[in-house]
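1. My questions are about this predicted structure, shown below with the sequence.
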Protein chains: 2
Amino acid sequence: MEESRAGDRTVTLKDLANELGIHPSTVSRILHSGSEVARGAASLATAERVRELARNRGYSPDPQAAGLRTRRTRLMGVIVPRLSDLVLAIMYEGIDEAAAELGYSTFVMNSRDDPEEQRRKTDIMLARRVDGLIIGDAHLDGGLLQELTARKVPFVLVNRRVPGYPSATCDDLLGGELVADHLWSKGHRNVAVIAGEPYASTAVDRTAGFVDRWRSLGGKIPRKAVVWSRFDTAGGREAAESILTHCKPRPTALFAVNDFAAIGAMGALRSHGLSVGDDVAVVGFNDTSLAAELPIQLSSVHSPMLDIGRTAVQLLKHVLDGEHVEPVRLEPTLCVRESSA
Amino acid sequence: MEESRAGDRTVTLKDLANELGIHPSTVSRILHSGSEVARGAASLATAERVRELARNRGYSPDPQAAGLRTRRTRLMGVIVPRLSDLVLAIMYEGIDEAAAELGYSTFVMNSRDDPEEQRRKTDIMLARRVDGLIIGDAHLDGGLLQELTARKVPFVLVNRRVPGYPSATCDDLLGGELVADHLWSKGHRNVAVIAGEPYASTAVDRTAGFVDRWRSLGGKIPRKAVVWSRFDTAGGREAAESILTHCKPRPTALFAVNDFAAIGAMGALRSHGLSVGDDVAVVGFNDTSLAAELPIQLSSVHSPMLDIGRTAVQLLKHVLDGEHVEPVRLEPTLCVRESSA
DNA sequence: ACCTACAACCCAATCGATTGGGTAAGCATC
DNA sequence: GATGCTTACCCAATCGATTGGGTTGTAGGT
């Protein structure tokens, strides 16, 4: 009757069974099946004895062993460009939460948006026998996705979409439109877009939403005013530099498809002696926690990152259950702040 | 001789063995042991045949099965306050890289610095049978750590240290001293500290390093000028507000133990009509990628976050190998920028 | 001719949980 | 009292890899 038997590493089903003088399989059924199979497998009295013993012996089933038998690991693999990208980090938090609620654990890996890494990381995940993948770094020319489909690997996309595959994303087109409406209504007529990476649907959709709406409002956007760039601060800075030097009448507003790029752009503007908000309006995207806290508060399209992550998990669960799923787009809202007010 | 036999899910050792007419155990020995055990287990010719077949059948061992037998999962569990904290995200990138190089995979979980969550997440990790833990959210009153030690769970700390346990951290004391030297030499004599959370060694050490050095330089720091706060932008803003209202002769310099708190403080200063760099110098800590890209570039203590993560993995490996390990502190450097120049 | 040594394998148990198929006892029904 | 139906279990195979202990066959030594 000691605290815990020091010799034994962990308690197994067999330990419990021996102690109660019943068969491991009975214990398994009692503990495993939520009282559906349990009744018919054991008497209520026995079931209670087993559950209690399990509780105070601190029994926890070995997922290795269970997985070996059932061919399911209850593991979801998550691939993101980089976790140090705040947007993906938050989506991942949503993913991890929702997965935990369904009894799954998650693996994350960074692909740095490099196709070779994507493939490598995918293979590692599959070698770990994940039940399915949540892919946050999909490129629009989805070679890898085709391959995964062919190999019958269950997966869904998150953050970025690729037509034809299930995904949980922000409605990026709408987001771009919101910004166009906002800047137009503020009287801006000469604008530029820091468009992000052309292989990412986020960048393409936000830009397209903005540009199309802008034109349908009667505005004009020259080619030069749409600058593709990296998503980080340095990328935004460079893009803004390029806009400032090449766009002849200087734009009075910038739309960056990403908050970090927007912050970089704000830096560039300041280096040119321009004041953000007065001389040039800036609007970002995602409404990361920084946006509202910057010295000059940044207008940004709020995207429900946590929910996007959670939704991705739901979708993957449906896929794993063999159901058919459609892409989901969650609605963004515009937060107007100092930088464009 | 088809591309791959469509019916079979995955290739197993037995498949390979059958195909070559030898025993699975022989195949295992050939594939497993790096030519030490391999010789003696099979002829070079056989070994080559096995290796080749494994290669083009795309064999990858099932870690579930292997782990079940060997009692090792080659999994490291990582617990952080939150991955959306850029600092931890980057350390995690280092951890994941280094772990992959050693043939380990990693699990991350967020504890939100909540003791109950820490315990829960630890339990989940252990239930997943990780080989060891890397703990990034250790609190100075390490109750959980004692418990883990008692349960003989191998672990190391990262980012934050707790005396008596192995850890990989930045030399935070030195970091604080660097800032003190810098501000003192710039002629500041009236300073305040945004000190972070008192349960985190990072906060305590950086603050102590700064304050002690400041006093040994002959400076004075009143109680009120050291404000404990959350690590995020909002926390920094609040702390700065408190300093601006309560410190009678307004300080000419602020040291925030974290870049995000520093950014929040910059926002507060601006709201008070003070110019960062001219009226009040601000220095942050960690030199996150934002620091150099902000509109007003932020001076910050650069800490080698990636290396800290990598080091933690090395330490845990040593612990797993039964070796004794000492805490490691990596050296920070000061990056002086606009905000304090 | 006999023994030893080594090379090159094979055998079978094992890890812990799951699961399809029993079986024995007890009761009711015809 | 034979049959059928529950109830409450037990049995044994199985998942895939690992590993301590064999077994065979051949070469070399004396």
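-> Nice, I can see it.

2. got the residues of the stretch 1-150 of chain A near DNA strand D?
-> Taking CB under 7 Å from any atom of the strand as the measure of proximity, the stretch 1-150 of chain A contacts DNA strand D at A:17, A:21-26, A:39-46, A:65, A:68-69, A:71. To be clear about C-beta, it is placed using only N, CA and C from the backbone, and glycine gets the same treatment.

3. now the helices for the stretch 101-250 of chain A?
-> Counting by DSSP state H, counting those that start in this stretch, one finds helices in the stretch 101-250 of chain A at the ranges A:115-127, A:143-150, A:172-185, A:201-216, A:233-246.

4. now those helices in CSV, with mean neighbour count, mean pLDDT and distance to B:P154?
-> Listed next are the helices of the stretch 101-250 of chain A as CSV, based on neighbours: other CB atoms under 10 Å in any protein chain shown; pLDDT from 0 to 100; distance: least, CB to CB, whole Å:
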stretch, mean neighbour count, mean pLDDT, distance to B:P154
helix A:115-127, 17, 95, 23
helix A:143-150, 14, 94, 35
helix A:172-185, 22, 98, 45
helix A:201-216, 21, 98, 41
helix A:233-246, 21, 95, 39
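
5. and of the ones you listed, who's closest to DNA strand C?
-> Distances from DNA strand C to each of the helices of the stretch 101-250 of chain A were compared by CB to the nearest atom of the strand, and the smallest falls on helix A:115-127, at 18.5 Å.

6. elements contacting that closest one?
-> Applying 3 or more CB pairs under 8 Å, 6 or more residues apart in numbering or on different chains; DSSP states H and E, one finds that helix A:115-127 contacts strand A:75-80, strand A:105-110, helix A:143-150.

7. Of these, which is nearest B:V283?
-> strand A:105-110 (30.0 Å; CB to CB).

8. Now tell me what touches that closest one from outside.
-> Applying CB atoms under 8 Å, 6 or more residues apart in numbering or on different chains, the set of residues contacting strand A:105-110 from outside is A:74-83, A:92, A:95-96, A:99, A:117, A:121, A:124-125, A:128, A:130, A:134, B:93, B:96, B:105-108, B:124, B:128.

9. switch the cut-off to 7 Å
-> By CB atoms under 7 Å, 6 or more residues apart in numbering or on different chains, the surrounding residues in contact with strand A:105-110 are A:74-83, A:92, A:95-96, A:99, A:121, A:124-125, A:128, A:130, B:93, B:96, B:105, B:107-108, B:128.

10. cool, stretch A:289-300 as well?
-> Applying CB under 7 Å, 6+ apart, the external contacts of stretch A:289-300 come out as A:259, A:262, A:266, A:276-277, A:282-287, A:335-340, B:232-234, B:237, B:263-264, B:266-267, B:270, B:295-296.

11. could you give the mean pLDDT of that stretch?
-> Stretch A:289-300 shows a mean pLDDT of 90 in the predicted model.

12. cool, stretch A:254-269 as well?
-> The average pLDDT for stretch A:254-269 rounds to 96.

13. How about it and chain B, touching?
-> Yes - Stretch A:254-269 lies within reach of chain B by CB under 7 Å from any CB of the partner chain, at A:I263, A:G264, A:M266, A:G267.

14. Among the contacts of strand A:105-110, name the buried ones.
-> In terms of neighbour count (16 or more other CB atoms under 10 Å in any protein chain shown), the buried residues within the contacts of strand A:105-110 are A:74-83, A:92, A:95-96, A:99, A:121, A:124-125, A:128, A:130, B:93, B:96, B:105, B:107-108, B:128.

15. mind checking how far A:V328 is from B:D212?
-> For A:V328, the distance to B:D212 under the criterion CB to CB, to the nearest Å works out to 54 Å.

16. From the recorded domain assignment, give the ranges for chain A.
-> The record, using automatic domain parsing to delimit domains, assigns chain A the ranges A:13-61, A:74-170+A:306-330, A:172-304+A:335-340.

17. Report the distance from the first one to the chain centre.
-> Between the mean C-alpha point of domain A:13-61 and the mean C-alpha point of its chain there is a distance of 39 Å (CA atoms, centre = their mean, to the nearest Å).

18. again with stretch A:10-29
-> Counting by CA atoms, centre = their mean, stretch A:10-29 is centred 41 Å from the centre of its parent chain.

19. again with stretch A:236-256
-> When C-alpha coordinates are averaged (CA atoms, centre = their mean), stretch A:236-256 and its chain have centres 29 Å apart.

20. CA atoms only for that stretch, dumped as CSV, please.
-> What follows is stretch A:236-256 as a C-alpha-only set of coordinates in CSV (Å, rounded to 0.1, in the frame of the first residue of the first chain):
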residue,chain,number,x,y,z
GLY,A,236,7.8,45.8,-46.5
ARG,A,237,10.6,48.4,-46.1
GLU,A,238,12.1,47.5,-49.5
ALA,A,239,8.8,47.5,-51.2
ALA,A,240,7.9,50.9,-49.8
GLU,A,241,11.3,52.2,-50.9
SER,A,242,10.6,51.0,-54.4
ILE,A,243,7.2,52.6,-54.4
LEU,A,244,8.5,55.9,-53.2
THR,A,245,11.2,56.0,-55.8
HIS,A,246,9.2,54.7,-58.8
CYS,A,247,5.6,56.0,-58.4
LYS,A,248,5.7,59.4,-60.0
PRO,A,249,3.0,61.3,-58.1
ARG,A,250,3.7,59.9,-54.7
PRO,A,251,0.8,57.7,-53.5
THR,A,252,-1.1,59.1,-50.6
ALA,A,253,-2.0,55.6,-49.2
LEU,A,254,-0.3,52.2,-49.0
PHE,A,255,-2.0,48.9,-48.5
ALA,A,256,0.3,46.2,-47.2
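
21. List the ones among the residues of the stretch 1-150 of chain A next to DNA strand D that fall in helices.
-> With helices identified by DSSP state H, the entries of those that belong to them are A:A17, A:P24, A:S25, A:T26, A:L44, A:A45, A:T46, A:A65, A:L68, A:R69.

22. so what's the first one closest to, chain neighbours aside?
-> The one in question is A:A17. Counting by CB to CB, 6 or more residues apart in numbering or on different chains, A:P24 is the residue found nearest to A:A17 once chain neighbours are left out, at 4.2 Å.

23. What distance do you get for the residue nearest the centre of chain A to chain B?
-> When CA atoms, centre = their mean is applied to chain A, the residue found nearest the centroid is A:M91 (3.7 Å). Going from A:M91 to chain B by CB to the nearest CB, to the nearest Å gives 10 Å.
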